[in-house]
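**Q** sequence unknown, structure follows:
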């Protein structure tokens with residue numbers, strides 16, 4: 001049984017920062033790729049950032065490049081999303097997703113991830 005749990009969401013003002021964390025448990029070893037997705041009210045879920053199993057490859061949506069950073073601590077088996085210079089349009093439920101893989105790259109499609117967390121709300125006020 002694989003479990004994905006997000007934490008770190010909250011209510012902040014425009015320009016503030018938040019650090020979201022994702023913990024994946026249920027299988028030994030860090031050989032899983034992780035993606036952060038978000039879904040704003042009335043919109044489809046979209047990828048925000050992704051990181052490979054080794055942590056050497058990352059991928060970002062254009063809307064967050066230069067503001068968000070995805071990283072992982074394989075010793076702790078956690079993946080973080082540092083979100084800086086937040087904007088009201090970043091308001092959404094943020095989801096962490098994981099998949100076990102031997103592929104060295106990242107995955108950016110929802111369908112590529114079998115394991116999902118429940119989501120954490122991020123609200124950015126103007």
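**A** Structure received. Every value quoted in this text rests on a predicted model; they were computed, and no experiment measured them.

**Q** now the strands for this structure?
**A** 3-7, 10-13, 18-25, 32-39, 46-51, 58-60, 68-73, 78-83, 92-100, 115-116, 120-125 (DSSP state E).

**Q** how about the ones you listed in TSV, adding mean pLDDT and distance to residue 108?
**A** Any C-beta I mention is one placed from the backbone N, CA and C, and that applies to glycine too. As requested, these are exported to TSV (pLDDT from 0 to 100; distance: least, C-beta to C-beta, whole Å):
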stretch	mean pLDDT	distance to residue 108
strand 3-7	94	17
strand 10-13	98	26
strand 18-25	94	16
strand 32-39	96	7
strand 46-51	98	5
strand 58-60	97	6
strand 68-73	95	12
strand 78-83	96	14
strand 92-100	96	10
strand 115-116	96	15
strand 120-125	98	20
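
**Q** what's the closest of these to residue 109?
**A** Comparison of the strands of the chain against residue 109 by C-beta to C-beta identifies strand 46-51 as nearest, at 7.5 Å.

**Q** distance from that closest one to the middle of the chain?
**A** 6 Å (C-alpha atoms, centre = their mean, to the nearest Å).

**Q** again, but for stretch 12-19
**A** 16 Å.
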